[in-house]
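A.B. asks: Turn this into a model:
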Amino acid sequence: MGRATQTHKTHVRFSVRSNFTPPHNHLVAAGPQPPSFSASHHRRTIVHSFIIISRRMVQHKAQLKKNQKQKRGVDFKKIKRKVGRKLPPPKNTTNTEVKSKAIILPEQSFVSEKVGLAVSKKGLTLKELLQQTSHHNAKVRRDALIGIRDIFLNHPAELKMHRLTVIEKLRERMSDEDKVVRETLFQLLKAVIFPACKEDNQGTFISLMMAYVFNAMTHLAIDVRLMAFKFFDLVVQNYPLSFSMYADKIIQHYKEILQKNQFNLHDKGKLKSVLAGLAHCLSLLPSNNNPPTDSNVIADRRILHAFESQVHEDRSGFSVTARELKGLLPILVGGLQDFLPSVLTMEAQSFDCVLSILKSIDAVVKFFVNEKDTRSDQDVLQMLLKKLFGVFPLNPTHQSSEKGGNRYFILNVIVAEIFFCLIDWSAPPSAFLDKFLVFIVDALSEKAVHSGKASFQKHSLSLIPFIPKLIMQVDSAWKSHILQAFTEAFKKCDPGSSMKLVCLSAIEEMLFPKNCSVSPNASDSDIVDFQISWIREIPLLLTLLGDKNPSASKAVLLLQLHLGQCGTFSQELDNMQYSLREFYSICPLHDGDISYGPFMKLDREIQELSICCLYYFSFLDPSLLQSLVSCCLCHDLEPSLLFRFLEVINCAFRAGHIQIADYISFLITLLTRYQVYSESNSLDVEKCGMSNSGLFRSVSSAVCSFLPQIGDDHLVFKMLEGAVIDQISNKPPLALENTCALLRMIVTLDSKPTKLSEQSISKLGNVLPRYLIRVVSSLTDGDIGSSTSNHTSRIRYYILPCFILFHRSEKILNDALNGMSSFIVGPSFDSENDHDHSSRIVAAVRVFLLMYEDARVREILLCYKKEIDSVLQNIVRVMTDEGYKLKIEEKHKIQCAYDQLKTITCR
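C.D. replies: Residues are numbered from 1 along each chain as shown. Next up, the predicted model:
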């Protein structure tokens, strides 16, 4: 049994391994047979064998499945984990880690496509940067704005070509949720874009910006809304017209933002920029100090069709209504009350906020004063501002520093300005008036200022315009205090400062009030004394100003002109001219070196204004005339101003403001000492830059035209004869142009027969030959006998006065001929420029040829044949006398000249 079983087992194992299943009728394999048993035993044996075989087959199949599973892996393997340990990730977890490496190429195609384009530091073009401004990442948007800034700074032409496209894209970032992006955009607009687009069409530019500014003002985020006001303030600073276009809407937004914040002290740092922007906008309101902008200053142009729907139509003037401003004023006053406690402790941010609020209130009050509203509006303003006036002046609760004291002074100045603006409407309570009058006197006396002179002049400036009206409304005691403080402030302030200009305007208004009903009484000795002290400062101020402050010099001269036109202070005006000499020229003429004053360096408009002021002196002192003629002799003076001098001086003489002797002396000095650069002298032209002989001829003609207007010709001639003849006879002789001008003066007043005295005739007989020889010697050989109009007119200009004198006085002609004959054989007239005998004779013959060309002189010369023959004999004498030692060339020249003279005299 055991062996059979063992055999069966072996067989079964084999069968299983060989994948063989025995049939049912063969339960055992062939082999040695066991001993026989009974049928029942046999049956049990068969069943037992079958069970064993079935069990073995099941185990075999299980082993096969196990082996197959080990080959595939286990699907669900249960792993025991300890408590508290971190579970590992599941086996089927997808690894999302991305690893990359840079690929560096020598050249990429997209880089080569950007060659020649403007790119930023990161290599991005303007188009790419504009696209990145809408990126979801705030850092990318900020970097894009920085890149745009780099392109515009390095390539300004890009901004000019694409400015509208850039504005269209960048304006979207005004409502950006990221604070850094908004600040970057603000700096880009402020520093780069707006300064480069000021000259463009403002209407188009403003319309593109304002739609998004208003959108940002209604944003849900408070930071975005506050930043929107900052953007609007930037637009107004660069384009002031934008406020007048949208004033109603802007004021409404300001009211909303201030009402909702209710001036929360925790938000005053944010409100600081909003209040500063509001103050700047309201300063553009129309008032007496700030006239409305002309609607025609900026005209809309034709624009691209793409922007046509967004262009704002140009409106005339401001559209602000009093209703909006009346609603804004209580909000400002309430905010001021909220800030006052912190101001008294001198907190910096609170001071800035209060300063902006007070400036805004001041602008609103000036607007209402300018509009001249009804009595009810006045009462409303008085009630609103009564609380403000009640706390004036603002003083610290404890001892403050110098800087803190100046802050209070600045705030008090603005409050005082608001108060004085309301005086025109209604009389304020006396308690309020006395406080403000004390403050203005202390401010002008520098008692209320804790810092230096510069701070005083800067902050007290706005109080000066109210002084003319104040002195007309206060009693005599206050008037004297105010005028004294004002006069001290006027004298102490710097000559070229804004304070001096404002003081000059106030002085003019107090000297010549526009409202006659409040004109100062001339019998009021107090104010008259102050007025005289102001007038005496005018000439000193002109000299101190020099040529560095033309606007201040112009203001002073306008005041002087007004004084002259009014004629009220004629005596003080006349005394002014003694100090004015230094304004025109300093050193006298006889020293030879003229030192010019500030007049010569001022603008032409200011120079002409100062010349016009000369007419209104009741008399012109000779010393001032001497300074004026020095200016006329300066070649830097424009020709038009020179003739303006002559015109004004002539008008002043005809009005009786100049003595006749002083006037004649002025004219003679001008013609005698004027330095002419002749065209024939290349050195003179090179020195001066151009010839001024034509200008001097025009001046000489103008002077000669004035002579008959002086008075009786005979008396005037006798007055100027001696002076003119002395100047002509001086040695060394005057220049040809100056001598000719003086001769023309004599000829203008002389007549036939001549009025010249014997002494004058004798002097002219000696002078004219020398003058004529100099004339022909200065001309080239080709000039004599030339038929050109230029040469003919030039020669005639010089010799015509001599020919006229020859025609009027035969004695002068006779002396001239004798002098010419002596010149041929005797010494030269000019020892310094001595000519040889051939040159003398040739020059003398040219003079005779010119005389024979004139019909009237030629007719007169027929009576002087003896003198002409004497000239011819002297020429022959020179040629034949061995003592002259003439060369062959010289004898040839003399012979030719002799033949010419002989020919023309024998006709």
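A.B. asks: CA atoms for contacts and neighbours, from now on please.
C.D. replies: Noted.
A.B. asks: so where do the helices sit in the stretch 801-907 of the chain?
C.D. replies: Here the stretch 801-907 of the chain has its helices, by DSSP state H, counting those that start in this stretch, at 810-825, 837-853, 855-861, 865-880, 888-905.
A.B. asks: make that the stretch 201-350 of the chain, sorry
C.D. replies: For the stretch 201-350 of the chain, the helices defined by DSSP H, counting those that start in this stretch cover 202-217, 222-238, 241-245, 247-261, 268-282, 322-344, 348-371.
A.B. asks: on that earlier part again, residue 191 is nearest to which of the helices of the stretch 801-907 of the chain?
C.D. replies: Closest to residue 191 of those, according to C-alpha to C-alpha: helix 837-853, at 76.2 Å.
A.B. asks: Identify each buried residue in the closest one, please.
C.D. replies: Using 16 or more other C-alpha atoms under 10 Å as the test for burial, helix 837-853 gives 837-852.
A.B. asks: One more: stretch 752-769?
C.D. replies: Neighbour-count burial for stretch 752-769 flags 754-756, 760-761, 763-769 (criterion: 16+ other C-alpha under 10 Å).
A.B. asks: Which two of the residues you listed have the greatest separation?
C.D. replies: Greatest spatial distance among the buried residues of stretch 752-769 (C-alpha to C-alpha): 755 and 769, at 20.6 Å.
A.B. asks: secondary structure class for the closest residue to residue 553 other than its chain neighbours?
C.D. replies: In space, and not counting its chain neighbours, residue 553 is closest to residue 542: 6.1 Å by C-alpha to C-alpha, 6 or more residues apart in numbering. The three-state label given to residue 542 by DSSP: H, G, I helix; E, B strand; the rest coil is helix.
A.B. asks: Residue 542 and residue 582 touch, don't they?
C.D. replies: No. Using C-alpha atoms under 8 Å, residue 542 makes no contact with residue 582, being 9.4 Å away.
A.B. asks: Correct me if wrong: residue 619 contacts residue 655.
C.D. replies: No. Applying C-alpha under 8 Å, one finds residue 619 not in contact with residue 655, separated by 9.6 Å.
A.B. asks: out of the two, which sits in the more crowded spot?
C.D. replies: Each of residue 619 and residue 655 has its neighbours counted (other C-alpha atoms under 10 Å); residue 619 has more, 17 against 13.
A.B. asks: and the spatially closest residue to the more buried one that is not a sequence neighbour, backbone torsions?
C.D. replies: Spatial nearest neighbour of residue 619, chain neighbours left out: residue 657 (4.1 Å); criterion: C-alpha to C-alpha, 6+ apart. In terms of degrees, to the nearest 10, the main-chain angles of residue 657 are phi -90, psi -10.
A.B. asks: Kindly report the same for residue 125.
C.D. replies: According to degrees, to the nearest 10, residue 125 has phi -80, psi 170.
A.B. asks: Report the rounded mean pLDDT for stretch 389-396.
C.D. replies: For stretch 389-396, the mean per-residue pLDDT is 71.
A.B. asks: Let the chain start at 22 from now.
C.D. replies: Understood, numbering begins at 22; the last thing we discussed is stretch 410-417.
A.B. asks: Check the offset of that stretch from the chain's centre.
C.D. replies: Distance, stretch centre to chain centre, for stretch 410-417: 39 Å (C-alpha atoms, centre = their mean, to the nearest Å).
A.B. asks: Could you name the helices and strands sitting against whichever strand or helix holds residue 666?
C.D. replies: Applying DSSP states H and E as the criterion places residue 666 in helix 660-675. If you count contacts as 3 or more C-alpha pairs under 8 Å, 6 or more residues apart in numbering; DSSP states H and E, helix 660-675 packs onto helix 625-634, helix 714-731.
A.B. asks: residue ranges with poor pLDDT in the stretch 722-871 of the chain?
C.D. replies: 800-813, 848-857 (pLDDT under 70).
A.B. asks: redo that, cut-off 80
C.D. replies: Along the stretch 722-871 of the chain, the parts satisfying pLDDT under 80 run over 799-815, 846-858.
A.B. asks: ok, which stretches of it are strands?
C.D. replies: Shown for the stretch 722-871 of the chain, no strands are assigned by DSSP state E, counting those that start in this stretch.
A.B. asks: can you count the residues close to the residue nearest to residue 640?
C.D. replies: Number of residues near residue 678 (other C-alpha under 10 Å) recorded here: 20.
A.B. asks: That one reaches residue 638, doesn't it?
C.D. replies: Yes. With contact defined as C-alpha under 8 Å, residue 678 reaches residue 638; the gap is 6.8 Å.
A.B. asks: returning to that earlier point: which residues touch the residue nearest to residue 574?
C.D. replies: By C-alpha atoms under 8 Å, 6 or more residues apart in numbering, the contact list for residue 563 reads 574, 577, 604.
A.B. asks: Which one of those is nearest to residue 741?
C.D. replies: Residue 741 has its nearest neighbour among the contacts of residue 563 in residue 604, at 29.6 Å by C-alpha to C-alpha.
A.B. asks: and the closest one, what pLDDT?
C.D. replies: 90.
A.B. asks: next one: the one 5 residues further on
C.D. replies: The score at residue 609 is 54. That number is its pLDDT.
A.B. asks: now do the one 10 residues further on
C.D. replies: Turning to residue 619, the model gives it a pLDDT of 90.
A.B. asks: same deal with residue 47?
C.D. replies: Taking residue 47 on its own, its pLDDT is 41.
A.B. asks: Enumerate the positions of the host helix or strand of residue 502 that are buried.
C.D. replies: Taking DSSP H and E as the criterion, residue 502 maps to helix 497-513. Buried residues in helix 497-513, counted by 16+ other C-alpha under 10 Å: 499-508, 510-511.
A.B. asks: For this protein, which element, helix or strand, carries the lowest mean pLDDT?
C.D. replies: Least confident element among the helices and strands of the chain, by mean pLDDT, DSSP states H and E: helix 23-38 (a mean of 40).
A.B. asks: Return the set of buried residues in stretch 888-899.
C.D. replies: Buried, per 16+ other C-alpha under 10 Å, within stretch 888-899: 888-889, 892-893, 895-896, 899.
A.B. asks: Stretch 165-178 now?
C.D. replies: 165-173.
A.B. asks: go on, stretch 726-734?
C.D. replies: For stretch 726-734, burial by neighbour count (16+ other C-alpha under 10 Å) applies to 728, 731, 734.
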